[in-house]
Every structure is written in C-alpha cells, then in structure tokens.
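Asker: mind looking at a prediction? Sequence and model below.
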Amino acid sequence: MSNKIGSYTVGDDLVDTKAPSGPVEDRWDKRRFGAKLVNPANRRKHRVIVVGTGLAGGSAGATLAEQGYHVIQFCYQDSPRRAHSVAAQGGINAAKNYRNDGDSIYRLFYDTVKGGDFRSRESNVYRLAQVSVEIIDQCVAQGVPFAREYGGLLDNRSFGGVQVSRTFYARGQTGQQLLLGAYQALERQIDAGNIEMHPRTEMLDLIVVDGRARGIVARDLITGEISTYLADAVVLASGGYGNTFYLSTNAKGSNATAIWRAHKRGAHFANPCYTQIHPTCIPRSGEHQSKLTLMSESLRNDGRIWVPKKKGDTRSPEQIPEDERDYYLERVYPSYGNLVPRDVASRAAKNVCDEGRGVGPGGLGVYLDFADAIKRMGRDKVAEKYGNLFEMYERITAEDPYQVPMRIYPAIHYTMGGLWVDYDLQSTIPGMFVIGEANFSDHGANRLGASALMQGLADGYFVLPATINDYLARGGFDQVSPDDPVVTATVGEVQDRIKRLLAVDGDRTVDSFHRELGMLVWDECGMSRNAEGLRKALKRIPELREEFWQRVKVPGTGFELNQSLEKANRVADFLELAELMCLDALHREESCGGHFREESQTDDGEAKRDDDRFSYVAAWEYTGVGEPPVLHKENLDFEYVHPTLRSYA
Amino acid sequence: MNLTLRIWRQPNADAEGQMVTYQVADVSGDMSFLEMLDILNEDLILRGEEPVAFDHDCREGICGSCGMVINGQAHGPERTTACQLHMRHFADGDVIDIEPWRAGAFPVVKDLVVDRSAFDRIIQAGGYITAPTGTAPDAHAVPVPKPDADTAFENATCIGCGACVAACPNGSAMLFTSAKINHLNVLPQGQPERESRVLNMITTMDEAGFGGCTNTGECAAACPKGIPLASIAKMNREFLRATRKAGR
C-alpha cells in the first residue's frame, strides 16, 4: 500500500501484433498461408486445453477436435450447453448482403471500426467481417433454425449503429440456437473420443513452464478435488468480467477468474475500462435483486423510446398526450433515431433520468413503446417478432407490454476489454490463446449489437483453429512432469488460497461484499466517470478487499460441493480486477465509446475522443496486488477508416 | 410476506436426505423464487449453517440450470423456470415444499442439485448434424420451407432443464429426446442421419434408465418452453420408420 492512488509506470510499446502488412483484404489469406501446419497424423499427439464452452469455446473445441487435436475442455456449469452465450437474444451479424441493401464486407468492417469509436485494430476487424459470411453457412449446415421467410430463405433485421439489415436471428433466442449448434458439434466430438469434457470444473490457475502456458489447475466443483491438466497450449474462452458490477445481465456464475489468474501469471490485460452498458434492460425492482435482465436491442427496431417532456410527470403513460412526450433519440439523432449505438442510447437515457424526467419507481427508467408498431403491423406480427421478449417482460414486471409501454434502463452487459492478444489471438504468454469476450480484440471501445455472437464464433470456428496450428507446429514441447516444481507450486498456491478463504470465518457473506463492490464501480466507473469519483473508488477498493479477507464468512469445507466457496474465489478476483478497471478509466483522460469521461465532452454532451493522446490500446502488466501496474501501449494506425467525430445525428 | 419452506436437504449423493423446515420473512412479490432462496441462504450462512445448494445461472429462463419441484410441480405453479417464477404467485403464510428433480436417471448430487449428464449422453448419441467446420455450402443453397423451419425452431427451444423427466410419473425423457429429433429430422440438412439419429438416441435414452411414455402428458404441461406432446408422437413415427427401413 505504498503507492499513490492511481499510479502506474510506463513500459515498452507493444509493437509486433503479428498482423501482416499489405492491403487489408489480403491480410488474413496472407497470415493463413504463412502459418505453419501440423500434419494430420501428428495432431492427435497435441493436447489443447479449452476453458469455457460458450460460442467461442464450444466452437473452438469442436473444430480443433475435428481437425484431429486432443482437446481437454472445461466448464463450470453441469453441461456445456448452459454457457452464458445461451442468453444472447437478438442476432448475429454477417455481411451476406442478402437484402441487397448496400452491405459488404467493407461496410461491416467500417461500421465496426466506427462503432468501436476508433479504438480497435483494423486488421482484426476486417478479418471478422470477412469470416462473418462463413459463420452463417456453417450454422445453417448444423441445423441452426434461423428465422426464414415464406420463400424458405433467411430473414434479416437491423440493429443499432448501422443502416443495413445484416442481422440473422432465431426469434429472441439466437444465442441459444447458435450455442446448441456448437454444443452439438462438441458432443459429437466427445462421443468420438476426441474431447475429454470436464463439466462442473473450474480453472483456478494457469501453469507456465519456461515462459510458456503448459496447463491449468482446476477444481472439481462436486468433490472439491484440485487437479492439474497439462497440455501444449491453453485456450481461454471464459467470457467477460461484467459481473464485477454485481448487478449485470451476465449469468450468476459468469466470472473473471480464468482471465484474471492468467493476468497474474503474465498475460497483459487490455482496456479494462471499456465496459458496455446496454440501454434496454428491465429496471431493478428492489434491494433483493440478484441480476438484471436484458431486453434485446432488436426491440428498438419497432419500439419508440420516450420520456415525458415535463420533469416529475407522474401521470401514467397513456394519460400523457403525444405532444407532451419527448422521443429524445429521434429528436437528437434523426438519421439513426432509436437505433443509435448502445453507448449513445444508454447515456441519453441516463441524461433524461438525471434531468428528473425518468419514469417508474425511483425515476430510473424510460419508456419503450410499441403502440405505433402494433398499429402499423398488427398485434400478431409484433408477437411473431418479439413474442417471447414480451412474455419475459410481463413475467418479471407483471405488466403487459402490448397494453402499456415497457420501462427500460441501462445495465452492464458486455466487456470489450479483456486479455491482450495479437492477430493470432495469442496473449503475451506464449501458448495461451484467448478467444471471444475474454479477449479485447475486435470491438474497440464499444461493441455493436449482434457482433458478440459473430466474434465468438469467428474466433472459435475459424480464426483460432488456423492460428494455433502455427504455434503447435513450431514444436519444442518437452514433457512437463506433474511433479515439476512449477506445477506443484501452482497447485500449492491454489490450495492455500482456498484454505485462507475458509479460515477467515468472519461475519459478512460473500454476496454482501460483491454487492458493495458492484455499487461502488457502478457509481464511479459506470455510465459516466470522472477523476474524482475514480480516485474515490481506487481508495475504497483496496480497503474493501482487505475487509473481505478479514471478515468474509465461507461455510463448509473445500472437499464438497460448496457454492459459497466458488463465489468467494470469484469475488476475490473481482476485488482485484475492479481496481485495474478504475485505474485504466482514470488514466484514459478522454471519452470514447462506452468509456465516458465527464471532463472530455463536446458542447452537446457527446463523447470527445483525444486521438493525439489516446489512440492506443492500453495493455496492463501485473506487478502485484495493489501495486502500480505497467502500461504497455499498442498504438493504433488507421489506414482505411479515418477517425472522425463519431456522429449518428 | 412470510413463508414456511420445507426443503430437501441431502449432504451428498451417498447420504440420506430429509425435509427440513425453514422460515423466511419479508419476501416481496417482485422477487424471483431463487432470490427468495438467496435470502434464506444469506441467513443460514450468517447463522453458521450450510446454505441450500441449488443449480442456477442465467436467471432469465434460458440456460436450463435451475430446476426444483415446488409444491409437487416441476418449476412450480407457473409454466416457466424456477428463476422466472415470481413470489407474487404465493401468499403470506404459505407453506412451500421444495424438492430436487425426482428421477432415477437424475441422481441427487446435493440438496436440490441433481446430475443431468444423461441428457448430454443422449445428444452425443445423435443429437447433431455432422457438419465439420469449413464444409458448409452457402446458407441460401438449400431453402427451408417456413413451416418446417418453424417446427424445427419450436422443438429447438428446449433448454434441457429436465422438468419433463421430473414431472413424468415414469421418469421418462421422451419429450426431451423427441424435441431434438424433431428439430433436426425436419430439416433438409438433417436427412442423411435421420434414421441413425432416432435409433441411437432412443437406445441411449433407454440405457440411461429413463422410463417409457404412457401418454400422461405431465411433461408437456411442465415444460417451460412449451414443447408439445405431439413431438413424442412424431418421434415414435420416426422410430417406426427407421426400424422398418433398417429391417429392409
């Protein structure tokens, strides 16, 4: 605790991203051709660990096994089918241009770079747009039941931040259907003996031998047994860190433990302050709330967002006449209207609520109104498009959205930041690859709707299986013994930590700490941030962490199914990660995408980037708990999409 | 509202279990059933007792993790998952019985947590279309008639929670298995494996110890996703068709 609040040191720039040079459209071909290959007969000799079975992990595990590698895969859920990708609702983007409405790979690339507020790597984003096309083909071949038109062809819809219809969907359950496709491919490989699947098993540490990732330490959640798994490469597909905020749209079990422990073993953590707040979630209803529920962004295609013009207007919505309503998104952003990107929509909602024009309990809500859509399309058509979302809303709030407008409010939904990876999706620890939401790679400072599913599957089905070959082909994998001192030391640290957690026997539950941490980061590092608030958080987080280790109460033992212990392990990591997130937010004295610094805004209150000072990826190197981290910058060059003030007016 | 809960407590798979009575106070109608259990668990932890173990994850009714028999009904009185069941459906003073899924093929792991890995094994037996990455033709190469696409989707919405098995007096997994078979067998992409799929999945289902179907219909009534009973009839037809073809 010797250091000053918010201090860090600056190290060498990250210069080599391994992205090939030359025309952006040729780079992926060039990289694939340049990559070394592993002979099919030799592939089964290579063991690859995959942590997580969501869209990224599921698709990667299945594809690597199909190629012939021996895959060892883990998930904390009781079945790989339950990974949180399952909850994604709206859709998946692809530059198919089936609508003939002017879409192209270049346009998807352009929209994504711009949507990310010019804080992503062009080479990666272009590749994502290229691969998007193949993803849809792959999923259809697997039997994913996308929405279709009467002619039998695939339907599309439009999503925030774009002016074409390129989103493929399966009612409001697109994530579920895509995940089941990947899960079924995975199960097929498990049956074939190519994947060793370990459900209800959680990674608790990374084993690094001679500077390379060679395995993991994991805990069997049923027996509590701590085991070591050794391999030639480790792939983390463990998702984002949105649950740092306690209340988020993530699953209760979603956690950052795999990526955070890998960070502590040497993987740089990039842009932790880039968190996405989704504009259309069901507002919280009380203290007991355990999570927030998202309403798909696709609702903004037909729903109109408004608040009363008058402050503190307590009339029920149907009593407020048309001319006393403020359709603020349509007013301020006429060309995109209700379909502005998420960060813009969220901030606008916060602003009108801060002005005292919010609706519902506590004034923390805005209306999302389908009255016009029902008039235009008829109730049946609306039900066909959004039926299950309407039902879900009614079940939670006991209000019928066909009759009264929905109330929505922003909530933490996705984290663009994550472990730093190069063009090959390899972290700063050789042999450790990071895919899907767990990495930082493609979304810059803000992710567009329906792009998470695209990125997860792009990484898992196509990108990683091509790049990991190159690493494995280079060989040099001496046998690591389970008795290797590094291995036993890593296992020892994991066991010690569990013992420590159980030994505290204090007077506060894990959840009470998690709630307090969540509230703090939501207030100070949420929808808008300022130096004073971030400093306050940076002072409070270490105190809270200390208190946690002195007062937490974890009942039971380590040798059984112990859900309190699982939570305690995860929350202990959130208590460290939160500090880096706030530090990154404090250091980035500009606004960009989901990171809005109050000190850096235009006269109209829009986010103001500072390209001269901050056109870089901030990759942080770990130096110790509470110690000043080292900042490594990856400078961003924009050869194709030139940074402009992002305007959706 | 104040409630009395009678919950099945069982320390592990091998131990004997029993119903234990607890009181919870100040439950609000806006809470989900699982949030109500959270409150109980917070109390238990602070009192130095073991909290009640239960599976849960997304808490939006889509991951299929949660599941418990509430007052004798799988997922409770509403047709939804336990995480989407809200306490407004209960009244002050109610006594609520909470038990794990009860089925031979779903052994209890601890308290309300059961082992549903038999479902994964059924999928392994054929609940997929063989389409290795990179082999796919253009997505529009094969149009799918909308009614078929809709049937596939309706069946594909199964979340694998196991309520159908828990609700069935025979502990049958026919609704679960038929949902996957109907999803894939109706699609043009699913045709090459149409017969082997149904034969292998049903064999695995039987081997896992699930009971047979006697058309009681409890499964479809309990299904939070509304998989129709007709799916089982269609599966039986697929099975008959496949066995006849195999016998030829």
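Answerer: Thanks, I have it. Numbers count the residues shown, from 1 in each chain, chains lettered A, B, ... in the order given.
Asker: in the stretch 151-300 of chain A, which residue sits closest to chain B?
Answerer: residue A:152 (3.0 Å; C-beta to the nearest C-beta). For glycine as for every other residue, the C-beta is placed from the backbone atoms N, C-alpha and C.
Asker: tell me, how many residues neighbour whatever residue of chain B ends up closest to chain A?
Answerer: Relative to chain A, the nearest point of chain B is residue B:143 (3.0 Å; C-beta to the nearest C-beta). Applying other C-beta atoms under 10 Å in any protein chain shown, we find 16 residues neighbouring residue B:143.
Asker: could you find the closest non-adjacent residue to it?
Answerer: Spatial nearest neighbour of residue B:143, excluding adjacent residues (C-beta to C-beta, 6 or more residues apart in numbering or on different chains): residue A:152 at 3.0 Å.
Asker: count the residues that sit near residue B:147.
Answerer: Neighbours of residue B:147 (other C-beta under 10 Å): 12.
Asker: for it, give me phi and psi.
Answerer: Note on residue B:147: its backbone torsions stand at phi -60, psi -40 [degrees, to the nearest 10].
Asker: quick check: longest helix of chain B.
Answerer: helix B:230-247 (DSSP state H).
Asker: buried stuff in that helix?
Answerer: Residues of helix B:230-247 classed as buried: B:231-232, B:234-235, B:238-239, B:242 (neighbour count, 16 or more other C-beta atoms under 10 Å in any protein chain shown).
Asker: just the CA trace of it, in PDB.
Answerer: Extracted C-alpha coordinates of helix B:230-247, given in PDB (Å, rounded to 0.1, in the frame of the first residue of the first chain):
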ATOM      1  CA  ALA B 230     -47.200 -34.200 -30.300                       C
ATOM      2  CA  SER B 231     -43.400 -34.200 -30.500                       C
ATOM      3  CA  ILE B 232     -43.400 -37.600 -28.800                       C
ATOM      4  CA  ALA B 233     -45.900 -39.000 -31.300                       C
ATOM      5  CA  LYS B 234     -43.700 -37.700 -34.200                       C
ATOM      6  CA  MET B 235     -40.700 -39.300 -32.600                       C
ATOM      7  CA  ASN B 236     -42.500 -42.600 -32.400                       C
ATOM      8  CA  ARG B 237     -43.300 -42.300 -36.100                       C
ATOM      9  CA  GLU B 238     -39.700 -41.500 -36.900                       C
ATOM     10  CA  PHE B 239     -38.700 -44.500 -34.800                       C
ATOM     11  CA  LEU B 240     -41.100 -46.800 -36.600                       C
ATOM     12  CA  ARG B 241     -40.000 -45.500 -40.000                       C
ATOM     13  CA  ALA B 242     -36.300 -46.000 -39.100                       C
ATOM     14  CA  THR B 243     -36.800 -49.600 -37.700                       C
ATOM     15  CA  ARG B 244     -38.800 -50.600 -40.800                       C
ATOM     16  CA  LYS B 245     -36.100 -49.100 -43.100                       C
ATOM     17  CA  ALA B 246     -33.400 -50.800 -41.100                       C
ATOM     18  CA  GLY B 247     -35.300 -54.200 -41.300                       C
END
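Asker: contacts for that helix?
Answerer: Contacts to helix B:230-247, defined as C-beta atoms under 8 Å, 6 or more residues apart in numbering or on different chains, come from residues B:155, B:174-175, B:177-179, B:181-182, B:185, B:194-196, B:198-199, B:202, B:213, B:215, B:219.
Asker: in helices only, show me those residues.
Answerer: B:155, B:174-175, B:177-179, B:181-182, B:185, B:194-196, B:198-199, B:202, B:219.
Asker: which stretches of chain B form helices?
Answerer: Under DSSP H, chain B gives helices at B:33-46, B:117-124, B:146-156, B:163-167, B:174-185, B:194-207, B:218-222, B:230-247.
Asker: any chance of TSV for the ones you listed, columns distance to residue A:100 and mean pLDDT?
Answerer: Conversion of these to TSV gives the following (distance: least, C-beta to C-beta, whole Å; pLDDT from 0 to 100):
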stretch	distance to residue A:100	mean pLDDT
helix B:33-46	47	97
helix B:117-124	38	98
helix B:146-156	20	97
helix B:163-167	44	98
helix B:174-185	30	98
helix B:194-207	35	98
helix B:218-222	42	98
helix B:230-247	37	95
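Asker: and of the ones you listed, who's closest to residue A:519?
Answerer: helix B:33-46 (16.5 Å; C-beta to C-beta).
Asker: dump the residue contacts of residue 69.
Answerer: Chain wasn't specified; assuming chain A. If a contact means C-beta under 8 Å, 6+ apart, then residue A:69 has A:43-44, A:46-48, A:194, A:472 as its contacts.
Asker: oops, wrong one, chain B.
Answerer: B:97-102, B:166.
Asker: neighbours of residue B:187, how many?
Answerer: Neighbours of residue B:187 (other C-beta under 10 Å): 23.
Asker: which SS class is the residue nearest to residue B:143?
Answerer: Secondary structure, DSSP: H, G, I helix; E, B strand; the rest coil: residue A:152 is coil.
Asker: my read is that it contacts residue B:146, right?
Answerer: Yes: if you go by C-beta atoms under 8 Å, residue A:152 and residue B:146 touch, sitting 6.6 Å apart.
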